[in-house]
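[1] what shape does this take:
(chains A and B)
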Protein chains: 2
Amino acid sequence: MSIVVQKYGGSSVATVERIQAVADRVVRAREQGHDVVVVVSAMGDTTDELLAMASQITDLPDPRELDMLLTAGERIAMSLLGIAINARGCRAASYTGSQAGIITDTQHGAAKIVEIRPKRVLEALEAGSVVVLAGFQGLSSAYEITTLGRGGSDLTAVAMAAAIGADVCEIYTDVPGVFTADPRIVPTARKVDRLSYDEMLELAAAGARVLQARSVEFARRHGVRLHVRSSFDDQPGTWVEEVDGSMEGVMISGAALDTDEVKVTLERVPDRPGVAARVFKAIAAEGINIDMIVQNVSHEGVTDLSFTAPREDAPKLRGVLERITAEIGTDRFSIDEGIAKLSLVGAGMRSHPGVAADMFDALAGEAINIEMISTSPIRISCVIRQDDGERALRTVHARFGLDEEQSSDSSRA
Amino acid sequence: MSIVVQKYGGSSVATVERIQAVADRVVRAREQGHDVVVVVSAMGDTTDELLAMASQITDLPDPRELDMLLTAGERIAMSLLGIAINARGCRAASYTGSQAGIITDTQHGAAKIVEIRPKRVLEALEAGSVVVLAGFQGLSSAYEITTLGRGGSDLTAVAMAAAIGADVCEIYTDVPGVFTADPRIVPTARKVDRLSYDEMLELAAAGARVLQARSVEFARRHGVRLHVRSSFDDQPGTWVEEVDGSMEGVMISGAALDTDEVKVTLERVPDRPGVAARVFKAIAAEGINIDMIVQNVSHEGVTDLSFTAPREDAPKLRGVLERITAEIGTDRFSIDEGIAKLSLVGAGMRSHPGVAADMFDALAGEAINIEMISTSPIRISCVIRQDDGERALRTVHARFGLDEEQSSDSSRA
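    Just a heads-up that it's a prediction; the model follows:
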């Protein structure tokens, strides 16, 4: 008997009808002989509606109380799903994060899971019950209700899958899987059948929205196989798992465009030890996650330092930089909101030199200027003008042979 | 420093604006130097909306899951109130029934409180925090979330007030207090300043909706003083407490009309020991609470047996009676849905004989027929035709001098 964890996002449980469809799917998995743990997000826009009520009261709601409020969303979704599964004659019981033993630190709104105590979940499975579990939430070491922040429900699913030794963690979403690029921008994008954790991590960091890097990292560390698939049909989606050597033949797994970042440049920074550390420590202290950092060789003892950061953090960032630039003896910084980050990801890059050159060539052929470059062993990212973003994505996607087979397209046309 | 428990019903927290008003009131009580525990119901129609979603799925939702669902309502209200109080610079923390140590039996949907372990509540008060507490819910001895059934939030407030030794339990509602009769039917009805527990119990049992008998009974047993008052103004409402002998001068405290009952009659029941017991045991086994029971002297070894029961239980009752009447050897029963129960309540009845006669006389003067009579030391109830109900209530209300002083009325007219 294998254990399957299924995670359904907000759009998959947005209405009572959708919850009924999820219940059907859960019962099918149970009838196939699996032990099933279902993790749910709040229905549709519930979380946003709860947030809107809180913000009618104050711009800065008490974090403990806000977590208490938001966890009501998953509670509603999970108990309705519990009712629907029971109504099908299949025993099910729903559990809050607290009841399921999801123990977190005390950081309200962005808590980290520190431990899973799955005693009740295992007992319920043992008793033949489907376990429905609230995503996104836990109980802190101070016995307070916490939420896990963005992508929290995926993390709940992956962490519980690891804790109970599930065979697979299925992530149900409103798209059929992970694509070689966003199909809304690149109509010829293909669904990817299989990705390594590293590739999925790079794609997530590059702006692919289907999975948060945080959950993928957890899955990799604990060897949890992920299956990202659609809650609207029964087609297989994208498997994310440890990939052996034979897979290295796939050079490029996908391309992604991220338009949610800004580019920050500190000009004429003194090129001495400790300066960069002071800058990035001050930024980290504000809880801002920065991304690409580029520093080039210095001239006359000064250098330019650039990095990208989430667009939503731009106002906070401006405050930090005004303070820190005076301290470190540089007088100018700029925040450029007109950029996009284009990334190519593929484990095969390791063994295929020249990928970067091909990518730059493709962009040059479209007269698209590259402002920053950063690379990992399996990723190349370029900062370009935002206006060029979608055209650049389509160009690169085509150049690396990611487009769907033309035959099927032309036969349909 | 005194402890005040304040309970706000659904209409008092129906909107974010109303929650803000409640927060203002809570902060005022805190500033007056009280330790404050606030018990809240779900916002407005939230509970009904959650129930409607469940009934879209099935007519018989799993009771455990339904309790999980419904408790989301109080969670939303209490955390929004927590946010609002904190936003006023007054420390507050909200607690679920489970967190507050409200321990119940395992009867989902109608759980009974078996114990209160107020450790966290007392620690929070000690630390100077306002405690916001979810009404209507608890944690069962099997560690499952339960709800307390109808009037459950009042019960939470009264039970917590008893457990922490509060000086008063204020029940905030959308009316100014307990009235001598329902002002929608009797425009001249007056607010009552003070009632004994016994009187309030009889009024609640007689159909006055402002407080459930269950909470009043708990308050009496634990000596919790209740103050029923409006959440829309600062006027004193109605105090419910142990009343000493000097109060006995007030003969009649109020009159009530209950149109939510039906009258059941079993005709020609064999008049032998054990028959009534079999009837009422069978009814109790279905969880039906019956009210007035009347059996008169028998003729020729048979007698008629009548009682009243909640209108909503009529279908279930019919099933039980079809089964039991055959067993006990009576062939006929009837369920009359066209009745109303008119009650007069007053501690002074004990020392004023003739109240019943006056009541019957007043009804006779209006040509209103009395079908059943039952009395307690401080209550007289008559079953009459439902069509006569409102006229009868106004007549009796006037006869016993409960009408508002005419002077103020006529000066307004």
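
[2] when you work out contacts or count neighbours from here on, use the C-alpha atoms and nothing else.
    Noted.

[3] which residues in chain A form helices?
    A:16-31, A:46-57, A:63-87, A:119-126, A:152-164, A:197-205, A:213-222, A:275-285, A:314-328, A:355-365, A:389-399, A:406-412 (DSSP state H).

[4] so where's chain A shaky on pLDDT?
    A:1, A:244-250, A:405-413 (pLDDT under 70).

[5] quick one: name the residues of it near chain B.
    Within chain A, the residues that sit near chain B (C-alpha under 8 Å from any C-alpha of the partner chain) are A:16, A:20, A:53-54, A:56-58, A:60-62, A:64-66, A:68-70, A:72-73, A:75-76, A:79-80, A:82-84, A:86-87, A:93-94.

[6] in ChimeraX, select just the buried ones from these.
    To isolate the buried members of these in ChimeraX, using 16 or more other C-alpha atoms under 10 Å in any protein chain shown:
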select /A:16,20,54,57,61,62,64,65,66,68,69,70,72,73,75,76,79,80,82,83,84,86,87,93,94
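
[7] buried sites along stretch A:331-338?
    In terms of neighbour count (16+ other C-alpha under 10 Å), stretch A:331-338 has its buried residues at A:333, A:335, A:337.

[8] out of everything not next to it in sequence, what's closest to residue A:87?
    In this structure, residue A:87 finds its nearest non-sequential neighbour in residue B:58, 6.4 Å apart by C-alpha to C-alpha, 6 or more residues apart in numbering or on different chains.

[9] correct me, but the one you found touches residue A:86?
    No. The pair residue B:58 / residue A:86 is not scored as a contact, 9.5 Å apart, by C-alpha atoms under 8 Å.

[10] closest one to residue B:170 among the helices of chain A?
    In terms of C-alpha to C-alpha, the element of these nearest to residue B:170 is helix A:63-87, at 23.8 Å.

[11] and the angle from that closest one to helix B:63-87?
    170 degrees (axes from the mean of the first three to the mean of the last three C-alpha atoms, to 10 degrees).

[12] residue A:218 is in contact with residue A:159, correct?
    Yes. Look at residue A:159 against residue A:218 with C-alpha under 8 Å: they come within range, at 7.1 Å.

[13] any idea how far residue A:142 is from the residue located most distally from the centre of chain A?
    In chain A, the residue that sits farthest from the middle, by C-alpha atoms, centre = their mean, is residue A:300; the gap is 41.6 Å. Residue A:300 is 53 Å from residue A:142, where distance means C-alpha to C-alpha, to the nearest Å.

[14] mind checking how far residue A:139 is from chain B?
    Using C-alpha to the nearest C-alpha, to the nearest Å, residue A:139 is found at 11 Å from chain B.

[15] same thing with residue A:38?
    Distance of residue A:38 to chain B, given as C-alpha to the nearest C-alpha: 15 Å.

[16] list the beta-bridge partners for that residue.
    residue A:6, residue A:132 (DSSP bridges).

[17] for it, give me its contacts.
    Contact analysis of residue A:38 by C-alpha atoms under 8 Å, 6 or more residues apart in numbering or on different chains lists A:5, A:6, A:7, A:8, A:26, A:130, A:131, A:132, A:133, A:157.

[18] what's the closest non-adjacent residue to the residue of the stretch 301-413 of chain A found nearest chain B?
    Distances between the stretch 301-413 of chain A and chain B by C-alpha to the nearest C-alpha are smallest at residue A:316, namely 22.2 Å. Sequence neighbours aside, residue A:286 is the residue nearest to residue A:316 in space, at 7.7 Å (criterion: C-alpha to C-alpha, 6+ apart).

[19] please apply the same query to residue A:360.
    residue A:370 is the one closest to residue A:360 (C-alpha to C-alpha, 6+ apart), at 8.0 Å.

[20] what about that neighbour, how many residues close to it?
    16 (other C-alpha atoms under 10 Å in any protein chain shown).

[21] wait, isn't it in contact with residue A:382?
    Yes. In this structure residue A:370 lies within contact range of residue A:382 using C-alpha under 8 Å: 6.2 Å.

[22] in contact with the closest residue to residue A:86 other than its chain neighbours, which residues?
    Sequence neighbours aside, residue A:92 is the residue nearest to residue A:86 in space, at 5.8 Å (criterion: C-alpha to C-alpha, 6+ apart). Contact analysis of residue A:92 by C-alpha under 8 Å, 6+ apart lists A:82, A:83, A:85, A:86, A:129, A:130, A:131, A:132.

[23] for chain B, give me its nearest residue in the stretch 151-300 of chain A.
    For the stretch 151-300 of chain A, C-alpha to the nearest C-alpha, closest residue to chain B: residue A:153, 18.2 Å.

[24] mind listing what that residue touches?
    Going by C-alpha under 8 Å, 6+ apart, the list of residues near residue A:153 reads A:7, A:9, A:39, A:40, A:41, A:134, A:135, A:136, A:137.

[25] which of residue A:159 and residue A:218 has more neighbours?
    residue A:159 (22 against 16).

[26] how about the more buried one, what does it touch?
    A:116, A:218, A:219.

[27] in JSON lines, list these along with distance to residue B:189.
    Converted to JSON lines, the contacts of residue A:159 look like this (distance: C-alpha to C-alpha, whole Å):
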{"residue": "A:116", "distance to residue B:189": "60"}
{"residue": "A:218", "distance to residue B:189": "67"}
{"residue": "A:219", "distance to residue B:189": "68"}
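
[28] wait, what's in contact with the spatially most central residue of chain A?
    Nearest to the geometric centre of chain A sits residue A:212, at 1.4 Å (C-alpha atoms, centre = their mean). By C-alpha under 8 Å, 6+ apart, residue A:212 lies in contact with A:151, A:154, A:204, A:205.

[29] one more time with 10 Å
    With contact set as C-alpha atoms under 10 Å, 6 or more residues apart in numbering or on different chains, residue A:212 has these partners: A:150, A:151, A:152, A:154, A:155, A:200, A:201, A:203, A:204, A:205.

[30] of those, which pair is most distant in space?
    Comparing the members of the contacts of residue A:212, the greatest separation, given C-alpha to C-alpha, is between A:152 and A:203, at 18.1 Å.

[31] higher neighbour count, the two?
    Using other C-alpha under 10 Å, the more surrounded residue of residue A:152 and residue A:203 is residue A:203, with 30 against 23.

[32] let me see the contact set for that one.
    Contacts of residue A:203 by C-alpha under 10 Å, 6+ apart are A:178, A:180-181, A:195, A:197, A:209-213, A:253-257, A:343-346, A:379.

[33] and for residue A:288?
    Contacts of residue A:288 (C-alpha under 10 Å, 6+ apart): A:280, A:282, A:309, A:310, A:312, A:313, A:314, A:316, A:317.

[34] does the second one really touch residue A:322, like I thought?
    Read that as residue A:282. No. In terms of C-alpha atoms under 10 Å, residue A:282 does not count as a neighbour of residue A:322; the distance is 11.2 Å.

[35] quick one, which of these two is more surrounded?
    Neighbours of residue A:282 and residue A:322, each counted by other C-alpha under 10 Å, are more numerous for residue A:282; the result is 16 against 13.

[36] okay, that one and residue A:328: tell me how far apart.
    Taking C-alpha to C-alpha, one finds residue A:282 at 12 Å from residue A:328.

[37] with residue A:24 instead?
    Applying C-alpha to C-alpha to residue A:24 and residue A:328 gives a distance of 61 Å.

[38] check residue A:232 too.
    55 Å.

[39] picking up where we left off before, just the contacts of residue A:203: which are in strands?
    Cross-referencing those against strands under DSSP state E gives A:195, A:254, A:255, A:256, A:257, A:343, A:344, A:345, A:379.
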